[in-house]
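**Student:** Provide a 3D model corresponding to the input given below.
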Amino acid sequence: MSRGASDEELIALVVAAKDGAAFGELVRRHQGVVRGLMTRMCGNHALADDLAQEAFIKAFSKIGSYSGKGSFRAWLCRIAYNEFLMSARKRKATEKAMERFKQDTDDVEAPRDMGSVVDLDRGLKTLKEDERVCVVMCYAGGMSHSEAAEATGMPLGTVKSHVNRGREKLKAWFEAEEAMAS
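**Tutor:** Numbering: from 1, shown residues only. You can find the predicted model right below:
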């Protein structure tokens, strides 16, 4: 499989012949963006890798539904975002069930990733979920507002609002962190 083939040519090979090498090239091209988005959205590298893998598996099985409208990257990020949302719902349901069985949760500490905690990740955790998703897609993922709107299913104006609010909140958060460090 030629690495010089366009995404559309590779997609056609996958659809027509379930060409694993062609899909592998699509994964190679887009896995950095998808993994990066998932990592920033959920803040857990292992979970992010699992979600990215699930997104690629789902994309392979659904690639025939890609219409060619919009970018393949946005279509793929939409699948990844949906995997993130389903995972978040499952985690919330599990947390609620666990709370029912725990008598005292005050001394239970949330699990933390190994390694250093990046300030940006800490700042992103202070944003509302929709703001975080839009900021991550547009800044960390390099997506346009239109691509982020396509990937999330949100209206373009809503994405722009979430990005602007998220950016302002992050700016204020970093200023407060800097003031505390001084």
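
**Student:** For this structure, just list every one of the strands.
**Tutor:** Counting by DSSP state E, the chain has no strands to list.

**Student:** So, low pLDDT: which residues of it?
**Tutor:** Residue ranges of the chain with pLDDT under 70: 1-2, 93-118.

**Student:** Kindly list the longest helix within this protein.
**Tutor:** helix 72-101 (DSSP state H).

**Student:** Just the buried residues of that helix, please?
**Tutor:** For helix 72-101, burial by neighbour count (16 or more other Cβ atoms under 10 Å) applies to 72-84, 87. Placement of C-beta: from N, CA and C, glycine included.

**Student:** same question, stretch 126-138
**Tutor:** Neighbour count says stretch 126-138 has 127, 130, 131, 132, 133, 134, 135, 136, 137, 138 buried, by 16+ other Cβ under 10 Å.

**Student:** picking that back up, can you give the distance of the longest helix of the chain from its chain's centre?
**Tutor:** Relative to the centre of its chain, helix 72-101 is centred 11 Å away, using Cα atoms, centre = their mean, to the nearest Å.

**Student:** and what of stretch 47-55?
**Tutor:** Using Cα atoms, centre = their mean, the offset of stretch 47-55 from its chain centre is 9 Å.

**Student:** which outside residues touch that stretch?
**Tutor:** For stretch 47-55, contacts defined as Cβ atoms under 8 Å, 6 or more residues apart in numbering pick out 31, 34-35, 38-39, 41-42, 76, 79-80, 83-84, 87.

**Student:** for stretch 134-145, same thing?
**Tutor:** So stretch 134-145 is contacted by 33, 36-37, 40-41, 73-74, 77, 81, 124, 127, 147-148, 151-152, 154, 156, 159-160, 162-163, 166-167, 170 (Cβ under 8 Å, 6+ apart).

**Student:** try 7 Å this time
**Tutor:** Stretch 134-145 is contacted from outside by 33, 36-37, 40-41, 74, 77, 124, 127, 148, 151, 156, 159-160, 162-163, 166-167, using Cβ atoms under 7 Å, 6 or more residues apart in numbering.

**Student:** again with stretch 39-46
**Tutor:** With contact meaning Cβ under 7 Å, 6+ apart, stretch 39-46 is reached by 48, 51, 84, 113, 121, 124, 125, 132, 133, 136, 140.

**Student:** go on, stretch 166-178?
**Tutor:** By Cβ under 7 Å, 6+ apart, stretch 166-178 touches 119, 123, 126, 127, 131, 132, 134, 135.

**Student:** all helices of the protein, in order?
**Tutor:** With helices called from DSSP H, the chain shows them at 7-17, 20-42, 45-62, 72-101, 119-124, 129-135, 145-152, 156-181.

**Student:** So of the contacts of stretch 39-46, which two are at opposite extremes in space?
**Tutor:** 113 and 133 (19.2 Å; Cβ to Cβ).

**Student:** burial count for residue 42?
**Tutor:** The number of residues packed near residue 42 is 18, by other Cβ atoms under 10 Å.
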